[in-house]
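A.B. asks: next input, structure requested:
(2 chains)
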Protein chains: 2
Amino acid sequence: MKPIQVGLLGIGTVGSGTFNVLRRNQEEIKRRAGRGIEITMVADLDVERARAAVGEGVRVVDDARAVIANPDIDIVVELIGGYGIARQLVLESIAAGKHVVTANKALLAVHGTEIFAAAHAKGVMVAFEAAVAGGIPIIKALREGLTANSIQWIAGIINGTTNFILSEMRDKGLDFAVVLKEAQRLGYAEADPTFDIEGVDAAHKATLMSAIAFGIAVQFDKAHVEGITKLAAQDIRYAEQLGYRIKLLGITKRTPKGIELRVHPSLVPSKRLLANVEGAMNAVVVHGDAVGTTLYYGKGAGSEPTASAVIADLVDITRLHTADAAHRVPHLAFHPDAMSDLQVLPMAEVVTSYYLRLRVADEAGVLAQVTGLLASAGISIDAVLQRESDEVGADGAAAVPQTDLIILTHDTREGTLDDVLAQLQALSTVLAPIIRIRKEELA
Amino acid sequence: MKPIQVGLLGIGTVGSGTFNVLRRNQEEIKRRAGRGIEITMVADLDVERARAAVGEGVRVVDDARAVIANPDIDIVVELIGGYGIARQLVLESIAAGKHVVTANKALLAVHGTEIFAAAHAKGVMVAFEAAVAGGIPIIKALREGLTANSIQWIAGIINGTTNFILSEMRDKGLDFAVVLKEAQRLGYAEADPTFDIEGVDAAHKATLMSAIAFGIAVQFDKAHVEGITKLAAQDIRYAEQLGYRIKLLGITKRTPKGIELRVHPSLVPSKRLLANVEGAMNAVVVHGDAVGTTLYYGKGAGSEPTASAVIADLVDITRLHTADAAHRVPHLAFHPDAMSDLQVLPMAEVVTSYYLRLRVADEAGVLAQVTGLLASAGISIDAVLQRESDEVGADGAAAVPQTDLIILTHDTREGTLDDVLAQLQALSTVLAPIIRIRKEELA
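C.D. replies: Below you'll find the predicted structure:
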């Protein structure tokens, strides 16, 4: 049988990794897939770079549409990124009857509904294992490995840049800005790191996992997105003393009221495996009603780890593309006519527990005042830690003696906590903006 | 479309879990599979137990062959266990054109070649996700998620009973026999725990993973199998002091000379996630040339976790059974005509590092004598720890002052080490049988 012919749109880091791995392991991949898989055409605006990456024997063009128009190409791999031209080219590939493989989480999290509907109508597959957690086969685990389960929640470290920064902050006791610079120097953070450090990238991935886990449409616009830029080394230290580490988590959860979908820094008990995922590594915890807690760990980015996922998709398509379209694995795990209309909840309706740090006047009655307000709102307290402040007041020398009050709460509705925080902030004994970090027990 | 009809052979713990989960989540599973999946017939020698488990509306018989003979049954789930009647019934199911799902690792590790060949010839699927690591979708990860990779090695905690026992031994400083009793009382170990504690169960699972990872036939008879019954609390403590934990690992590795396939206690660096997998949990680390190190964690046994894997297989078959047989995922990941003839190496050819404990006479020159013998065999030393013995001599009071000498070696050929150990054991200053435990860095 003649090899499956693949056209690559964009040959940067992931593209050349895909080309190299596919060539290096071609024999083994063919023995698995039952058919050869070859990249026969590459489109990149930088034709010279593309030529250097693939050598002779592969057609290199600067026009992506020439790949899509080539009738010999069975599968188009989109590695351009972004929402603009990538969206257009993916839709055109589908219209031309090509299967599509993409690592583009941003595109699918925002335009997934349109793209999957087009693919379904045309009877082609859009595969995207590489879009979430790089080389970890988490999409496959969710869509196929855990089909028996009513999935209850997912919590993942799904952005390597921020996990590297948080690991360094903890290890070295440094502040965010210092570590970011170091991460940029080492290549763990991009020159413009906004999408990573503000949580946007993680939210794209969480959006995709949420859709697959619960059978809802991709709804990035409903996700709560919060990054790590405001985290202080101090809170990482206090959390440690209380038995927790702070991780940027992508969380999605099924509740009686609807779906939670949120990305933010979270305290995680130090003894959990997830808390011990360090550096640029990724890990996703999935809790299903039958299987209980499972965890998937590996490299979430990089040339060959991401290529591993792209090629797994190519093999899946090679294995399945002759199968009846109705019997393939549905794009979002559930059949399009059997999706759920569960709503994504606003943050005020989220129920979780919290780490609070209050800079307060070190005087009698303050603790009673603070805990009293929490109690009157029905928020119960799990632990309190009181520390001398190691900072001085804003005027150079503290006007009044100050202390840090750290409180861990039990589960509460976020809207309720917001109200109490506003009251606490208004107290004359509360001397600085209250720090609030969510806490997930992941039990 | 009418539901896929499933017949269950044997309804013990896993069988009733499968029945319950399939019923509880039937709507959600149907939305994923595109078709209902129903257990319509159950065979069990204990008809009353079976009836109690499934209630009315399901046909219950005491004769497994009545299930196989039923033309309405699409898939037979074999949950009887063992190599005897289970083998016969699986082969008969295949001959009758039924797809088969089984959790029977022993059967497949020993008779897999015969069974998969029969299934291939008949054009039916034999699915066995539940046979390795319970609810963790590790078979799917290996066969589908990591197809891009030349897999280098796998190391897994794949027996919950022994991991529970080792965790307890470490936590409480207790010896094996004491903890085994406790494990039996708590239901973590069976009345006859031989298959678990002697490493046989783990070796069955490692054999299956080895075949899938490297495209070789299942060869349980070539596996090196060693259990945990001889482990002393003392060695767990010494390992801890050196920065390691002792786990029973199933290991399979690709080397230039052939395939390593072995189950034995291993020192693992404490900082590895795998070392922190505690209690009855399972975890498998897979290292691929493209993806690097990935890890999969979850419950390796139990009613509903195992049912989760059984049902995932039912959904896979439901999705794929109308597909061209040539395009399905091959039973052992590689197409039957593209298997490898790589040989499983004898243990003497295995290269790894070691923990050695020598009870020696506490006199001048002994350390030099021991390390001299190791050096002359070309075995280099990574660390040495010398401890006062806390035990007395065999005759009630030590005849000579004794000490424990603990040595960590660098990588060496096991045959070479065996020779040196024989020489060391013959020294008059070595007072007791030398303890040797293998060590895996998993880097």
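
A.B. asks: please verify my assumption that A:Ala307 contacts A:Asn25.
C.D. replies: No: using C-beta atoms under 8 Å as the test, A:Ala307 is too far from A:Asn25 to be in contact (10.2 Å). C-betas here are computed from N, CA, C, even on glycine.

A.B. asks: and the helices in the stretch 251-400 of chain A?
C.D. replies: Assigned by DSSP state H, counting those that start in this stretch, the helices in the stretch 251-400 of chain A fall at A:303-320, A:366-376.

A.B. asks: in contact with A:Ala239, which residues are there?
C.D. replies: Shown in contact with A:Ala239 (C-beta atoms under 8 Å, 6 or more residues apart in numbering or on different chains): A:245-246, A:267, A:355, A:437.

A.B. asks: any idea how far A:Gly372 is from it?
C.D. replies: Distance, A:Ala239 to A:Gly372, using C-beta to C-beta, to the nearest Å: 25 Å.

A.B. asks: repeat that for A:Tyr355.
C.D. replies: 19 Å.

A.B. asks: also compute the angle for the helix or strand of chain A with the lowest mean pLDDT relative to helix A:366-376, please.
C.D. replies: None of the helices or strands of chain A scores lower by mean pLDDT, DSSP states H and E than strand A:381-388, at a mean of 90. Angle between the axes of strand A:381-388 and helix A:366-376 is 160 degrees (criterion: axes from the mean of the first three to the mean of the last three C-alpha atoms, to 10 degrees).

A.B. asks: that older thread, name the residues contacting each of A:Ala307 and A:Asn25.
C.D. replies: Common contacts of A:Ala307 and A:Asn25 (C-beta under 8 Å, 6+ apart): B:148, B:290.

A.B. asks: those two - which one has more neighbours?
C.D. replies: The neighbour count for A:Ala307 versus A:Asn25, taken as other C-beta atoms under 10 Å in any protein chain shown, is higher for A:Ala307 (29 against 21).

A.B. asks: and the more buried one, what does it touch?
C.D. replies: By C-beta under 8 Å, 6+ apart, the residues touching A:Ala307 are A:14, A:17-18, A:20-22, A:130, B:148, B:290.

A.B. asks: any chance of those residues in CSV, with secondary structure too?
C.D. replies: Formatted as CSV, those follow (DSSP: H, G, I helix; E, B strand; the rest coil):
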residue, secondary structure
A:Val14, helix
A:Gly17, helix
A:Thr18, helix
A:Asn20, helix
A:Val21, helix
A:Leu22, helix
A:Ala130, helix
B:Ala148, coil
B:Ala290, coil
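
A.B. asks: of those residues, which pair is most distant in space?
C.D. replies: Pairwise distances among those were taken by C-beta to C-beta; the largest, 15.1 Å, belongs to A:Asn20 and A:Ala130.

A.B. asks: higher neighbour count, the two?
C.D. replies: Neighbour totals were compared for A:Asn20 and A:Ala130, and A:Ala130 leads with 28 against 16 (other C-beta under 10 Å).

A.B. asks: thinking the more buried one is in contact with A:Gly15, fair?
C.D. replies: No: A:Ala130 sits out of contact with A:Gly15 when judged by C-beta under 8 Å, with a separation of 11.3 Å.

A.B. asks: show me which of A:Tyr355 and A:Gly372 is the more surrounded one.
C.D. replies: Taking other C-beta under 10 Å, A:Tyr355 and A:Gly372 do not tie; A:Tyr355 has more neighbours (25 against 11).

A.B. asks: ok, which of the helices of the stretch 251-400 of chain A comes nearest B:Ala191?
C.D. replies: Closest among the helices of the stretch 251-400 of chain A, once you apply C-beta to C-beta, is helix A:303-320, at 42.7 Å.

A.B. asks: geometric centre of chain A: which residue is closest?
C.D. replies: By C-alpha atoms, centre = their mean, the mean C-alpha position of chain A lies nearest to A:Ala202, the distance being 2.9 Å.

A.B. asks: may I see the buried residues of stretch A:29-49?
C.D. replies: The neighbour-count check on stretch A:29-49 (16 or more other C-beta atoms under 10 Å in any protein chain shown) flags A:29-44 as buried.

A.B. asks: also stretch A:277-284?
C.D. replies: By 16+ other C-beta under 10 Å, the buried positions in stretch A:277-284 come out as A:277-278, A:280-284.

A.B. asks: format the contacts of A:Ala307 as JSON lines; extra columns: pLDDT and distance to B:Ile139.
C.D. replies: Shown next, in JSON lines, are the contacts of A:Ala307 (pLDDT from 0 to 100; distance: C-beta to C-beta, whole Å):
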{"residue": "A:Val14", "pLDDT": "97", "distance to B:Ile139": "27"}
{"residue": "A:Gly17", "pLDDT": "98", "distance to B:Ile139": "26"}
{"residue": "A:Thr18", "pLDDT": "98", "distance to B:Ile139": "25"}
{"residue": "A:Asn20", "pLDDT": "98", "distance to B:Ile139": "27"}
{"residue": "A:Val21", "pLDDT": "98", "distance to B:Ile139": "22"}
{"residue": "A:Leu22", "pLDDT": "98", "distance to B:Ile139": "24"}
{"residue": "A:Ala130", "pLDDT": "98", "distance to B:Ile139": "21"}
{"residue": "B:Ala148", "pLDDT": "98", "distance to B:Ile139": "17"}
{"residue": "B:Ala290", "pLDDT": "98", "distance to B:Ile139": "20"}
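
A.B. asks: before we move on, the earlier item: the helices of the stretch 251-400 of chain A: which one's closest to B:Val6?
C.D. replies: Smallest distance to B:Val6 across these (C-beta to C-beta): 23.0 Å, for helix A:303-320.

A.B. asks: average pLDDT for that closest one?
C.D. replies: Mean pLDDT, helix A:303-320: 96.

A.B. asks: same deal with stretch A:370-378?
C.D. replies: The average pLDDT within stretch A:370-378 is 97.
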